[in-house]
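Colleague: Quick check, what structure comes out for this input:
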Amino acid sequence: MNPSEEEVEQIRERIALLKVEHRDLDTAIGSLQQQPYVDPMQMRRMKKRKLLLKDMIHKLESMLIPDMPA
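Modeller: From the prediction side, this is the model:
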């Protein structure tokens, strides 16, 4: 079942927000790595969150691909 136009717009907005959060995390991770001491637990949590965001983005993007008729 293909999403309605309204649903497509909501999905696109959600993707945009997730991409901003992903980019912000990437920047924060890069900054942390420049510090002389890095809390390994904090770094691990941030990287895990970044991967989760990437997976969520891919899942939402796949929802925008129209179903092919059988």
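Colleague: distance of residue 20 from residue 13?
Modeller: 11 Å (C-beta to C-beta, to the nearest Å). Quick note: C-beta positions are derived from backbone N, CA and C, even for glycine.
Colleague: Equivalent analysis for residue 44, please.
Modeller: Computed as C-beta to C-beta, the residue 44 to residue 13 distance reads 30 Å.
Colleague: can you give me the helices for the chain?
Modeller: Listed in chain order, the helices of the chain (DSSP state H) span 5-33, 40-63.
Colleague: Could you dump those into CSV with mean neighbour count and mean pLDDT added?
Modeller: Listed next are the helices of the chain as CSV, based on neighbours: other C-beta atoms under 10 Å; pLDDT from 0 to 100:
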stretch, mean neighbour count, mean pLDDT
helix 5-33, 13, 96
helix 40-63, 13, 96
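Colleague: quick one, what contacts residue 43?
Modeller: Taking C-beta atoms under 8 Å, 6 or more residues apart in numbering, we find residue 43 in contact with 29, 32, 33.
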